[in-house]
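**Q** When you get a sec, could you give me coordinates for this:
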Amino acid sequence: MPKLDKALARELYRLMLRIRLAEERVVALYPTDKIQSPIHLSIGQEAIVAGACKALGKADRAYGTYRGHGLFVAMGGGIDKMMAELYGKDTGCARGKGGSMHMVAPEIGLMGCSAIVASTIPVATGDALAAKMKREKRLTAVFFGDGGIDEGVFYESASFAALKKLPVIYVLENNGYAIHSKVRERHAKTELWRIGERLGLPGRRFDGNDVYEVHESFAKAAAEVKAGKGPILLEYATCRVYEHVGPRTDFKETYHEKNDEAKAKARDPLTVAQKALQKRGWAAPADFAAWRKAALAEIDDAVAFAEKSPFPGPERLLADNFA
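**A** Numbering: from 1, shown residues only. Below you'll find the predicted structure:
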């Protein structure tokens, strides 16, 4: 385990656990049709958002993708507001207008998630430019999948950010697949963390299933970016446990490698973190049981909140717009 104090190490595990159990509840609820929005789950990828967001400062900002439930919770969003948004209720984080793919909470630094691949990359880059022009001491982190690397706006944004030495961290969550397309079939001879080097964007690659490695590597990068050294690309290798969109696993589908399921199980972020905590003597079975119980109670309350919350009325149709 990287150099962490006991309290932070335990907090990171509990954050991942809350995200995992919340999304597992979404899986259970989805067949009831109470959640009408398509869902993109981050189960198996919790370590990236948990480790990174805990290294962000209060003034820092983040942007994400349609797989944004975990990012919303990691940034400090309430599971009650997340569930209400999934239900399309007025008490949701986007007043029921965004659904699963558009988690947002500017009040805590989550500026938005988008269903359009790579679309938040140029927006986050522009936000970083604004921060530099206004001399604000903050950075912007933008999370995207390996499919985002294939979009032109990534290269345009990376080139501009490198040229202007913008305070932005590009966080590549590489789960090996863009929907059904394997990374190795799209980038046969390219290491993704090095893909921006010729544009002046340095990169690094880490284990995205080890929350402690994620936190340490991101914190180091954040310090460098805030010191004016310019943008950086951080690639975190991880596993997608559920299908691209929907509430079921898809390891039996032909596009998966035969060992994907075993690899995902062996490198489960919660298992990795639990073993690390136990090895250090920082948590016992009773702790894990208590944390799980507390998280489940929180989720029960969140679902009850969503169920009893009202749907937005017609007066909301033209409200809350930024135009």
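
**Q** Quick one: name whatever helix or strand follows the helix or strand bottoming out on mean pLDDT in the chain.
**A** Lowest on mean pLDDT, DSSP states H and E among the helices and strands of the chain sits helix 183-186, with a mean of 89. Moving toward the C-terminus from helix 183-186, the first helix or strand encountered (DSSP states H and E) is strand 203-207.

**Q** buried set for the least confident helix or strand of the chain?
**A** V183 (16 or more other CB atoms under 10 Å). In short, each C-beta sits where N, CA and C put it, glycine included.

**Q** And for that helix, what's in contact with it?
**A** Helix 183-186 has contacts (CB atoms under 8 Å, 6 or more residues apart in numbering) with D146, D150, N174, G176, Y177, A178, L192.

**Q** Please list the members of those residues that lie in strands.
**A** Among the contacts of helix 183-186, the members found in strands (DSSP state E) are N174, Y177, A178.

**Q** Now stretch 213-224: average pLDDT?
**A** Mean pLDDT, stretch 213-224: 98.

**Q** on that earlier part again, pick the one among the ones in strands among the contacts of helix 183-186 closest to T32.
**A** Y177 (28.0 Å; CB to CB).

**Q** so how many other residues sit close to that closest one?
**A** Residues within reach of Y177, counting by other CB atoms under 10 Å, total 23.

**Q** With D250 instead?
**A** 17.

**Q** ok now do it, which residues does it touch?
**A** Y242, E243, H244, H256.

**Q** First-to-last residue distance for stretch 106-123?
**A** 14 Å (CA to CA, to the nearest Å).

**Q** buried stuff in it?
**A** 108-115, 117-123.

**Q** picking that back up, closest one to D301 out of the contacts of D250, please.
**A** Nearest member of the contacts of D250 to D301, counting by CB to CB, is Y242, at 24.5 Å.

**Q** Averaged pLDDT, stretch 292-301. What do you get?
**A** Mean predicted confidence for stretch 292-301 is 98.

**Q** Check the offset of that stretch from the chain's centre.
**A** 21 Å (CA atoms, centre = their mean, to the nearest Å).

**Q** Would you mark the buried spots in it?
**A** Quick answer for stretch 292-301 (16+ other CB under 10 Å): A295, L296, E298, I299.

**Q** ok now do the nearest residue to C93 once chain neighbours are set aside, which residues does it touch?
**A** Distances taken as CB to CB, 6 or more residues apart in numbering put K81 closest to C93, at 4.4 Å, once the chain neighbours are dropped. Taking CB under 8 Å, 6+ apart as the contact definition, K81 lies against T91, G92, C93, A105.

**Q** Now that we have the residues you listed, can you turn them into TSV and tack on secondary structure?
**A** Below are these laid out as TSV (DSSP: H, G, I helix; E, B strand; the rest coil):
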residue	secondary structure
T91	coil
G92	coil
C93	coil
A105	strand
